[in-house]
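Trainee: here's my sequence, what's the structure:
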Amino acid sequence: MSVVTIIVITLALLILAGLSFYAGKLLMQVKQQQQQAEQQKQKIKTDRDNRLIESIQTISHAMESEQCEISEGALRLAVLFDHLSNAQQINYPKKYPAIHALNDKIKHFAILEERKKLEKKERMRQDFQRLQAEAEYKELVLAEAIELKGFKLNS
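Mentor: Numbering: from 1, shown residues only. The predicted model follows:
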């Protein structure tokens with residue numbers, strides 16, 4: 001082999017080694033960015049869950065102290081449970097059956113602007129049905145609400 005060939009091969013190997021080092025460095029940066037993105041995603045999920053948990057505890061306390069109607073609390077709690085990050089793993093309707101049963105009985109009633117559009121007779125009918133359902137589930141829902149005052153994601 002000639003000296004020129006050896007120099008060209010050596011140069012090619014040096015270039016290849018340099019490119020390999022640079023590619024490895026870029027791969028490490030991508031991996032770090034993915035880890036940071038995953039950590040940020042987890043932090044956002046945890047922060048969201050913490051806000052939901054705080055709302056669950058607040059509504060439960062308000063229900064117990066009669067600052068919130070039982071039916072309104074059940075509606076709100078059922079929605080909050082659905083939005084927790086572990087809602088797929090934990091069967092909240094089974095864990096808190098009274099809240100979800102009351103929610104199922106009244107969730108179809110009109111609220112806010114829809115309620116204002118109803119005729120007086122229909123509003124009264126819905127109010128009566130809501131009050132009946134509330135009376136039927138009041139003690140069970142209150143017991144679950146008291147339990148939820150100390151709610152944690154893994155409880």
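
Trainee: what about the residue nearest to K107 when sequence neighbours are not counted, which helix or strand?
Mentor: Closest residue in space to K107, ignoring its immediate chain neighbours: L75 at 6.2 Å, by CB to CB, 6 or more residues apart in numbering. C-beta: built from backbone N, CA, C; applies to glycine. L75 belongs to helix 70-83 when assigned by DSSP states H and E.

Trainee: relative to the whole chain's centre, how far out is the helix or strand following that helix?
Mentor: Next in sequence after helix 70-83, counting helices and strands by DSSP H and E, comes helix 92-95. Centroid displacement of helix 92-95 relative to its chain, using CA atoms, centre = their mean, to the nearest Å, is 15 Å.

Trainee: helix 92-95: what's the following helix or strand?
Mentor: helix 97-106.

Trainee: what residues does the following helix or strand past that next one touch?
Mentor: Using DSSP H and E, the next helix or strand after helix 97-106 towards the C-terminus is helix 112-117. Under the criterion CB atoms under 8 Å, 6 or more residues apart in numbering, residues F109, A110, R123, Q126 lie in contact with helix 112-117.

Trainee: what mean pLDDT does the helix or strand hosting Q129 get?
Mentor: Using DSSP H and E, Q129 sits within helix 120-148. For helix 120-148, mean pLDDT is 95.

Trainee: got a list of what the residue nearest to the spatial centre of the chain touches?
Mentor: For the chain, L84 is the residue whose C-alpha lies nearest the centre (CA atoms, centre = their mean; 2.8 Å). Counting by CB under 8 Å, 6+ apart, L84 touches D49, L52, I53, I90, Y92, L153.
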